[in-house]
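**Q** Test case, fold it:
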Amino acid sequence: MTESPELASDDPRLLGLRRLLAVMDRLRAPGGCPWDREQTHASLRRYLLEECFECLEALDREDDAEIQEELGDVLLQVVFHARIAEDRGAWDVGAVAQGIADKLLHRHPHVFGDVEAEDAAAVEANWEQLKQQTKQRESLLDGIPGGLPALLQAHKVQERAKRVGFDWPDANGPLAKLDEELGELREALAADDPQQVAAELGDALFTLVNLARHLGLSAEDCLRETTARFGGRFRRMEAAAERPLDQHAPAELEALWEQAKREAP
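**A** Reported below is the predicted structural model:
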């Protein structure tokens, strides 16, 4: 039996939320903002995606002020979508908040009930078990969003397969598989078969995700950090070059790259 925490009507955190709701109500009301009034769930999709990625970038930079601002932009999207639903008589932001609060209560019986959980792993196991009980799925892979970034989607698919024991016991398995996949990729390249090259390259990437997962890493985060590191070094190359990079010989570009690496390891 879950025990709901006491509600505090004078919680100062509610002030900002109330103000945001009042602003949104005014924007969507007759005589409000024409742009805000004509938005739909579909028209706001790209903004929700963009704001989430901008928030992730702020988290990567560990800048508290920027994180606060970007979380506000994400929250705006939640409130905006809820107001659109409210306008057509479906549900409102209160129902959204109540729903997630109920879900948290139900999935934390070790806090709000009499279930015991020794560590974070036990909490996660209980969470997944309760989630399975409340969602009817034909496949263990159901519920993984198709719009996820490919590396993250692969990670989640592998995690689901792991639940039934379809997984290597340690990192040695995917490491050996990677050697195998790279060999098959070389064969496809030698055969000059574009379709097979694409398939083998996909297999190698999927195996790299598996290796990262077994090492306790996120391939998505690893690639994001490497891309950011490359971008920083490339900008240093541009700054150090006395003329446009496309006017440099390969050896000159390599020298500029090595200099950038020394300056920003």
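**Q** Tell me where the longest helix sits in this protein.
**A** helix 64-87 (DSSP state H).
**Q** Could you name the helices and strands sitting against it?
**A** Contacts defined by 3 or more CB pairs under 8 Å, 6 or more residues apart in numbering; DSSP states H and E place helix 64-87 against helix 13-28, helix 45-61, helix 93-106. Yep, even glycine has a C-beta here, placed from its N, CA and C like the rest.
**Q** list the contacts for Ala190?
**A** Counting by CB atoms under 8 Å, 6 or more residues apart in numbering, Ala190 makes contact with nothing.
**Q** CA atoms only for stretch 207-226, dumped as PDB, please.
**A** Listed next in PDB are the C-alpha coordinates belonging to stretch 207-226 (Å, rounded to 0.1, in the frame of the first residue of the first chain):
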ATOM      1  CA  THR A 207      28.700  -4.400 -31.500                       C
ATOM      2  CA  LEU A 208      30.500  -1.200 -30.400                       C
ATOM      3  CA  VAL A 209      27.400  -0.200 -28.500                       C
ATOM      4  CA  ASN A 210      27.300  -3.600 -26.900                       C
ATOM      5  CA  LEU A 211      31.000  -3.300 -25.800                       C
ATOM      6  CA  ALA A 212      30.400   0.200 -24.400                       C
ATOM      7  CA  ARG A 213      27.400  -1.200 -22.400                       C
ATOM      8  CA  HIS A 214      29.400  -4.000 -20.900                       C
ATOM      9  CA  LEU A 215      32.100  -1.500 -19.900                       C
ATOM     10  CA  GLY A 216      29.400   0.600 -18.100                       C
ATOM     11  CA  LEU A 217      29.500   3.300 -20.700                       C
ATOM     12  CA  SER A 218      27.000   5.000 -23.000                       C
ATOM     13  CA  ALA A 219      28.100   4.800 -26.600                       C
ATOM     14  CA  GLU A 220      25.900   7.900 -27.200                       C
ATOM     15  CA  ASP A 221      27.700   9.900 -24.600                       C
ATOM     16  CA  CYS A 222      31.100   8.600 -25.700                       C
ATOM     17  CA  LEU A 223      30.500   9.600 -29.300                       C
ATOM     18  CA  ARG A 224      29.100  13.000 -28.200                       C
ATOM     19  CA  GLU A 225      32.200  13.700 -26.200                       C
ATOM     20  CA  THR A 226      34.500  12.700 -29.000                       C
END
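**Q** Please identify which of the helices and strands packed on helix 64-87 is closest to Glu263.
**A** Minimum separation from Glu263 across the helices and strands packed on helix 64-87 (CB to CB) falls at helix 45-61, 19.6 Å.
**Q** which residues are in contact with the closest one?
**A** 66-67, 69-71, 73-74, 76-77, 81, 224-225, 228.
**Q** Any chance of the residues you listed in CSV with distance to Gly183, neighbour count and pLDDT as columns?
**A** What follows is the contacts of helix 45-61, written out as CSV (distance: CB to CB, whole Å; neighbours: other CB atoms under 10 Å; pLDDT from 0 to 100):
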residue, distance to Gly183, neighbour count, pLDDT
Glu66, 45, 15, 97
Ile67, 44, 16, 97
Glu69, 48, 13, 97
Glu70, 43, 20, 97
Leu71, 46, 14, 97
Asp73, 46, 16, 97
Val74, 44, 14, 97
Leu76, 50, 17, 98
Gln77, 46, 17, 97
His81, 48, 18, 97
Arg224, 28, 16, 88
Glu225, 28, 12, 89
Ala228, 31, 13, 89
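**Q** so which of those residues comes closest to Arg18?
**A** Checking those against Arg18 with CB to CB, the nearest one is Leu76 at 14.6 Å.
**Q** quick one: that closest one from Gly32, how far?
**A** 15 Å (CB to CB, to the nearest Å).
**Q** for Pro30, helix, strand, or coil?
**A** coil (DSSP: H, G, I helix; E, B strand; the rest coil).
**Q** From Ser43, how far off is it?
**A** 19 Å.
**Q** Among these two, which residue is more densely surrounded?
**A** Ser43 (11 against 5; other CB atoms under 10 Å).
**Q** Next, that one: phi, psi?
**A** phi -70, psi -20 (degrees, to the nearest 10).
**Q** Per-residue pLDDT of it, please?
**A** Ser43 carries a pLDDT value of 96.
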